[in-house]
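Novice: Sequence unavailable; structure follows:
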């Protein structure tokens with residue numbers, strides 16, 4: 001979601017600086033530990049340079065962002081996304097900013113950032129990996145049907161007099177969900193199915209979303 005600057009904001013460089021420190025501290029690592037990891041990766045950077053990067057006193061290059069992510073064992077997107085409970089947004093232009101959730105969706109091929117005079121939504125999806133393009137075309141339908149199924153399931157418990165009718169609709173909707181899920185998966189290229197996670201009912205979850213259970217092959 002795009003917002004006006006009603007909440008405190010950080011520039012993208014400041015976001016990276018904060019995330020470098022937050023992720024490192026969450027893992028119980030020191031700046032010296034990160035320096036050793038970077039050196040092992042063939043990208044030597046001393047502790048003082050890391051300290052300055054964490055204070056946003058030194059800009060992190062694209063190469064460094066990738067190596068920092070490798071050293072910390074996270075996705076580069078993690079270093080560009082604030083935690084959902086962070087009080088700050090990412091300042092994009094002087095007039096508006098992005099909530100942490102929006103930045104995450106933008107970086108993980110789930111939702112474009114649209115603004116007046118900018119590229120349209122097609123640009124975002126046409127330049128996304130093929131797996132995400134195809135899933136994005138069908139997933140809104142799957143989600144809408146699944147939400148309807150959930151509503152019907154809840155209604156069955158509240159309206160015992162309509163239980164048979166509700167159960168009938170529930171069965172039909174479940175069939176639609178299964179058909180839609182099959183369409184999503186069948187449209188994937190060989191090997192691309194492993195890019196999707198699966199829920200406990202064996203249905204594919206949207207790209208980038210993982211359940212608590214381990215993914216099935």
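Specialist: That came through fine. Owing to the predicted nature of the structure, the values given are computational and were not obtained by experimental measurement.
Novice: C-alpha from now on. contacts and neighbour counts both.
Specialist: OK.
Novice: longest strand in this protein, by residue count?
Specialist: The single longest strand within the chain, with elements called by DSSP state E, is strand 89-93.
Novice: which outside residues touch the host helix or strand of residue 50?
Specialist: Assigning secondary structure by DSSP states H and E places residue 50 in helix 47-54. Residues from elsewhere that reach helix 47-54 (Cα atoms under 8 Å, 6 or more residues apart in numbering): 16-18, 20-21, 31-32, 34-35, 58-60.
Novice: Any of those buried? List them.
Specialist: Among the contacts of helix 47-54, those that count as buried by neighbour count (16 or more other Cα atoms under 10 Å) are 16-18, 20-21, 31, 34-35, 59-60.
Novice: which among those gets closest to residue 90?
Specialist: Of all the buried ones among the contacts of helix 47-54, residue 16 has the smallest distance to residue 90: 10.4 Å, by Cα to Cα.
Novice: From what I see, that closest one and residue 79 are in contact.
Specialist: Yes: Residue 16 lies in contact with residue 79 (Cα atoms under 8 Å); the separation is 5.3 Å.
Novice: gap between residue 45 and residue 30?
Specialist: Per Cα to Cα, to the nearest Å, residue 45 is found 14 Å from residue 30.
Novice: let me fix that: residue 74
Specialist: According to Cα to Cα, residue 74 stands 16 Å off from residue 30.
Novice: ok, which stretches of the chain are strands?
Specialist: Read by DSSP E, the chain holds these strands, from start to end of the chain: 2-3, 9-10, 89-93, 96-98.
Novice: right, so of those, which gets closest to residue 176?
Specialist: Each of the strands of the chain was checked against residue 176 via Cα to Cα, and the shortest separation belongs to strand 2-3, namely 33.7 Å.
Novice: what sits against the nearest residue to residue 43 once chain neighbours are set aside?
Specialist: Closest residue in space to residue 43, ignoring its immediate chain neighbours: residue 67 at 7.3 Å, by Cα to Cα, 6 or more residues apart in numbering. For residue 67, the contacting residues are 38, 41, 43, by Cα under 8 Å, 6+ apart.
Novice: for residue 12, same thing?
Specialist: When contacts are counted by Cα under 8 Å, 6+ apart, residue 12 touches 80, 90-92.
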